[in-house]
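Participant: from the sequence below, what's the structure:
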Amino acid sequence: MSSTDNISPEWVEAQYLRWRENPEEMSPEWQAFFRGFELGDSGREPVTGGEFLDPAMARKQSGVQSLIYRYRDIGHLLACTDPLSPCRIDHPLLSLSAFDLDESDLDTTFYVRRFRPVRTAISATTAEPSAATLREILSVMRETYCRSIGAEFMHIQDPTERQWFMDRMEPVRNRPAFTVDERLAILGKLQEAALFEGFLNRKFMGQTRFSLEGGETLIPVLDAAVNHAANVGVADLIVGMPHRGRLNVLATIFRKPLSVIFAEFADNLEHNEVGEGDVKYHKGFSVDVATSGGKSIHLALAANPSHLEAVNPVVEGKCRARQDRYEDGRGERVLPVLIHGDAAFAGQGMVAETLNLSQLPGYRTGGTLHIVVNNQIGFTTPPEAARSSYYATDVAKMIMAPILHVHGEDPEAAVHAVRLALDYRQAFGRDVVVEIICYRRYGHNEGDEPYFTQPLMYGKIKGRPSVHLLYADLLREAGIAEVQITAPAAAYTARLEQAVEERVDGADPGFQGAWSGVQREYSPAKVETGVARDALVAVAEVMSAIPAGFTPHPKVATLLQRRRDAVTKGEGIDWGTGESLAFASLLREGHSIRLSGQDVRRGTFSSRHGVLIDMGSEDTWIPLSAVATQGAAFMAFDSMLSENAVLGFEYGYSLETPAGLTIWEAQYGDFANGAQVIIDQFISSGETKWDRVSGLVMLLPHGYEGQGAEHSSARIERFLQLCADANLQVAYPSTPAQYFHLLRRQVWQPFRKPLIVFTPKSLLRHPLCVSRLEELSEGWFREVIPGSDSPDHVTTVLFCTGKIYFELLERKNRDGREDVALVRIEQLYPLRTDLVREALAPFRGAVTFRWVQEEPRNMGAWGFVRPHLADILGAEPAYIGRPDAAAPAVGSHREHKVEQERVMAAAFQL
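Facilitator: Residues are numbered from 1 along each chain as shown. Presented below is the predicted three-dimensional model:
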């Protein structure tokens, strides 16, 4: 029952009489109710107490209230925010006639709720009307919502948030007073931005720099964001942004040494990059800075590729990792700031995916500050060809994010907007968007000719003064002394000239901070990862001890006991048990684990059951949490139905957690191709481009079992094609013990490299795919596993990897083929050719060598291992597998079985 179900008519009548006698005693809700009741009952609206309006005046009164609402709702349509277009002065939905009003009503006094005609705060807790003429009301509404800031916030469904904006915008008309020092600080940043670009243009003419010119207001906005964030308690501010304006942001906000930037332009750094390096406008940077308010804040700019918006989830993951480390559940200490272009914000699906992450429990970061630099063009594409929405920012409405559109040549309005946005973020923990509407002074890059495609637009831009000159004139008009305006610019110019002559020491400082103990180079050295038998039995006992009052599904309860029994008996340990023991042992050693992906808590194939659900209450229980020590935590999150943003998020998380284990699991292995940009541009190449190492683990279910083209292959060939310079580890373990040691090795080895693991489906419950406890309590991950056959009889060696080993083993045992030895290559990259040679050494009588795989010839590992095996053997081994194919697998289960039998027969042919 609702709280109003038991209200009687007599009680309501008594409340009505109380209201007639003394309205102030009633709550705002009941006051509004009784006013509406009298309006409907008599055709007259009460103003206060016993004073009433005639019906005509009541309609006008209602019209005025609607006018106020509509200005708050769509006043942004009349905001003057475009430097290149004349300001719109009217809109049919905001005309007086739309509310049954006219100019004769301008000096009429009306009583309106939640409105103050003077510059005082509005109380959200009172509905007491205020008296104001229509002229005064229009003045407040137009000054607040129709000048240099267009505010979209009425789409937010929470009335508290809407009222929050009204309380902060209307009293100051969205134009607070700035002190002289604040205005000079804004001018100083505008001058730095403009002088930096001009200096680069003169000294390094023709070099690509993706100039910020036309959008210089971004710099005082970011400067204000940094200072204000520090003032409200932010300790770390992590930025993701595209290439346009990046060098300017590095120089003016991050304070990257100018001499280093100029040395990069001159290409005369004293050392080559670690790895292959990247262009200067893709690089990241981090620094601790002192703010104007005397605070200290850490700034980090994430490295990113040219793939616009791909860095967004990476930044979010980095921020979430820091928040977890700080135990900052509300996200108040770590602020993500994402800078976008207008065309990319509207066009790239990654934007919507990242926005969708913003309020999910496993991915929220306390709200992101989005700054859209809208230069009204995407390369050569105009807005009408780039989006179907009215605003470039409309996609943000999907999460009810407030949006503040700002005139790019009104830096004070822009600074006010970003401060307002940050306060909202800190108050409500939600994303917020500030759009700076400006222009791009030159073409897409410094060698591009914009007049080819936008001659009229660039005709307007050509003679337009830079914003720092316009703002300097405004300060002169305000009486600020000329020396205060020009001296900072002269000093910055001198700094630029001095820096370009400085010699730069480019020595590699090595990894810093939490990464300082991490080895840079890959090492094949053996890493002992066994865990004492008693310790494994102990954690198995703890994980199977169901708490009192908790009722899991009966099948899950049985599974827990079966796992415990396998461990205590020391045999029959299946894949899920091996994984849980690996996780438990790491947690017991103080290493946190984060596992994310679609359906990972249960597991796509019901093999994990990492988070259990009570059958009566749906409360959760995490068995692994009971074994964690030293502050370690097991975090498992079912993700939204996306690969791209979620994998990017986990990559970002891994960049901040060298001592933890960060895992992303695909529902099926081939679904990873939905995140190909993240794999190609970050995971496989981030270290060589940007010197950023990651220990991220990707679990990709793989195996041919007749499920068709989309549920068979994790595209082994694609990952192997990306391998070079020991950038990745690619493994296809065949047993639970191997998987156990592989996961533990990822944490305990001295270096960090992404680990790609092809995991099983049918093998999860295969009777042969089990391990003994002693295989977990001793040893290490074996990159190559030789055959255990008597070498005297072996004439044929079959090389394989992963699942097909068990089919080959069953056929070999069934047919009694002692002449055949099976050699498993468990780590495909870096390929341990030395161990392959060792595995072959006993089989001196072997004359036939074959590579066997399930995948088609143009897929799988064959293309990668072929030259390596040929080098080892002195001749190319025979290929056994499916023929070349356009799709990974057939759709018919019957045809699959025929093909699989063909592979087996060919492998064992005499």
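
Participant: distance of residue 701 relative to residue 792?
Facilitator: Distance, residue 701 to residue 792, using Cβ to Cβ, to the nearest Å: 39 Å. From N, CA and C alone the C-beta is placed, and that goes for glycine too.

Participant: so these two - more neighbours on which side?
Facilitator: Ranked by neighbour count (other Cβ atoms under 10 Å), residue 701 and residue 792 place residue 701 first, with 23 against 10.

Participant: show me what contacts the more buried one?
Facilitator: Contacts of residue 701 were listed using Cβ atoms under 8 Å, 6 or more residues apart in numbering, and they are 604-605, 666-669, 714, 758-761.

Participant: same question, residue 226
Facilitator: Counting by Cβ under 8 Å, 6+ apart, residue 226 touches 237, 253, 289, 291, 297, 299.

Participant: run a quick neighbour tally on residue 710.
Facilitator: Residue 710: 13 surrounding residues under other Cβ under 10 Å.

Participant: ignore what I typed, I meant residue 486.
Facilitator: When neighbours are counted by other Cβ under 10 Å, residue 486 comes out with 12.

Participant: tell me which helix or strand it sits in.
Facilitator: Taking DSSP states H and E as the definition, residue 486 sits inside helix 482-501.

Participant: helix/strand/coil for the closest residue to residue 420 other than its chain neighbours?
Facilitator: Nearest residue to residue 420 in three dimensions, chain neighbours excluded: residue 168, at 6.1 Å (Cβ to Cβ, 6 or more residues apart in numbering). Following DSSP: H, G, I helix; E, B strand; the rest coil, we place residue 168 in the helix state.

Participant: give me the buried subset of the contacts of residue 701.
Facilitator: The neighbour-count criterion (16 or more other Cβ atoms under 10 Å) marks 604-605, 666-669, 714, 758-761 among the contacts of residue 701 as buried.

Participant: just to revisit the earlier point, the residue nearest to residue 420 against residue 423, yeah?
Facilitator: Yes: applying Cβ atoms under 8 Å as the test, residue 168 and residue 423 come out as touching, 7.3 Å apart.

Participant: can you show me the helices along the stretch 551-700 of the chain?
Facilitator: Along the stretch 551-700 of the chain, counting by DSSP state H, counting those that start in this stretch, helices occupy 554-569, 575-588, 644-654, 676-678, 686-690.

Participant: before we move on, back to that, of the buried ones among the contacts of residue 701, which is the nearest to residue 196?
Facilitator: residue 666 (43.9 Å; Cβ to Cβ).

Participant: any idea how far that closest one is from residue 714?
Facilitator: For residue 666, the distance to residue 714 equals 7 Å [Cβ to Cβ].

Participant: between these two, what contacts are shared?
Facilitator: Going by Cβ under 8 Å, 6+ apart, residues that sit against residue 666 and also against residue 714 are 672, 700-701.

Participant: of all the residues you listed, which comes closest to residue 370?
Facilitator: Comparing these against residue 370 with Cβ to Cβ picks out residue 672 as the nearest, at 27.6 Å.

Participant: okay, now residue 551: neighbour count?
Facilitator: Look at residue 551: counted by other Cβ under 10 Å, it has 15 neighbours.

Participant: make that residue 445, sorry
Facilitator: Residue 445 - counted by other Cβ under 10 Å - has 15 other residues nearby.

Participant: over to it. Which of the three states is it?
Facilitator: Once three-state DSSP is applied, residue 445 turns out coil.

Participant: could you find the closest non-adjacent residue to it?
Facilitator: Residue nearest to residue 445 in three dimensions, not counting chain neighbours: residue 208, with 4.9 Å by Cβ to Cβ, 6+ apart.

Participant: hmm, residue 448 and that neighbour touching each other?
Facilitator: No: the criterion here is Cβ under 8 Å, and residue 208 misses it with residue 448 at 9.5 Å.

Participant: and the gap between the spatially most central residue of the chain and residue 733?
Facilitator: By Cα atoms, centre = their mean, the chain has its centre lying nearest to residue 313, at 1.4 Å. For residue 313, the distance to residue 733 equals 28 Å [Cβ to Cβ].

Participant: run a quick neighbour tally on the closest residue to residue 601 other than its chain neighbours.
Facilitator: Residue nearest to residue 601 in three dimensions, not counting chain neighbours: residue 611, with 3.9 Å by Cβ to Cβ, 6+ apart. The number of residues packed near residue 611 is 19, by other Cβ under 10 Å.

Participant: low-confidence stretches in the stretch 451-600 of the chain?
Facilitator: For the stretch 451-600 of the chain, applying pLDDT under 70 flags the ranges 506-508.

Participant: picking up where we left off before, neighbour count winner among residue 168 and residue 423?
Facilitator: Set side by side, residue 168 and residue 423 show more neighbours around residue 168, with 18 against 15, by other Cβ under 10 Å.

Participant: do you know how far that one is from residue 174?
Facilitator: Residue 168 sits 9 Å away from residue 174, going by Cβ to Cβ.

Participant: kindly report the same for residue 142.
Facilitator: The gap separating residue 142 from residue 174 is 11 Å, by Cβ to Cβ.

Participant: ok, those two, which is more surrounded?
Facilitator: The neighbour count for residue 142 versus residue 174, taken as other Cβ under 10 Å, is higher for residue 174 (25 against 16).

Participant: now do the SS call for that one.
Facilitator: Residue 174 falls in the coil class when you classify it by three-state DSSP.

Participant: quick one: it and residue 149 touch, right?
Facilitator: Yes: at 4.8 Å, residue 174 and residue 149 qualify as touching, with contact defined as Cβ under 8 Å.

Participant: any common contacting residues for those two?
Facilitator: Shared contacts of residue 174 and residue 149, defined by Cβ under 8 Å, 6+ apart, comprise 413, 416.

Participant: hmm, back to that, flag every buried residue along the helix holding residue 486.
Facilitator: For helix 482-501, the neighbour count (16+ other Cβ under 10 Å) marks 484-485, 488-489, 492-493, 496, 499-500 as buried.

Participant: what do you get for stretch 154-161?
Facilitator: Residues 154, 156, 161 are the ones in stretch 154-161 that count as buried (16+ other Cβ under 10 Å).

Participant: what about it, start to end distance?
Facilitator: Using Cα to Cα, to the nearest Å, one end of stretch 154-161 lies 9 Å from the other.

Participant: mean confidence for it?
Facilitator: Stretch 154-161 shows a mean pLDDT of 96 in the predicted model.

Participant: low-scoring stretches of the protein, by residue?
Facilitator: Scanning the chain for pLDDT under 70 picks out 1-11, 13, 29, 36-53, 118-128, 268-274, 506-508.

Participant: now do residue 618 against residue 597, distance only.
Facilitator: In terms of Cβ to Cβ, residue 618 sits 21 Å off from residue 597.

Participant: more crowded one of these two?
Facilitator: Taking other Cβ under 10 Å, residue 618 and residue 597 do not tie; residue 597 has more neighbours (24 against 7).

Participant: next, the contact list for that one, please.
Facilitator: For residue 597, the contact set (Cβ under 8 Å, 6+ apart) comprises 638-639, 646, 663-667, 699.

Participant: which residues in the stretch 801-910 of the chain form strands?
Facilitator: 820-825, 827-829, 848-856, 878-882 (DSSP state E, counting those that start in this stretch).

Participant: so what are the sheet partners of the third one and their directions?
Facilitator: Strand 848-856 has the following strand partners under DSSP bridges: strand 796-800 (parallel), strand 878-882 (parallel).

Participant: rewinding a little: surely the residue nearest to the centre of the chain meets residue 354?
Facilitator: Yes: if you go by Cβ under 8 Å, residue 313 and residue 354 touch, sitting 5.1 Å apart.

Participant: hang on, the earlier thing: narrow the shared contacts of residue 666 and residue 714 to those in strands?
Facilitator: Within the shared contacts of residue 666 and residue 714, residues falling in strands by DSSP state E are 700-701.
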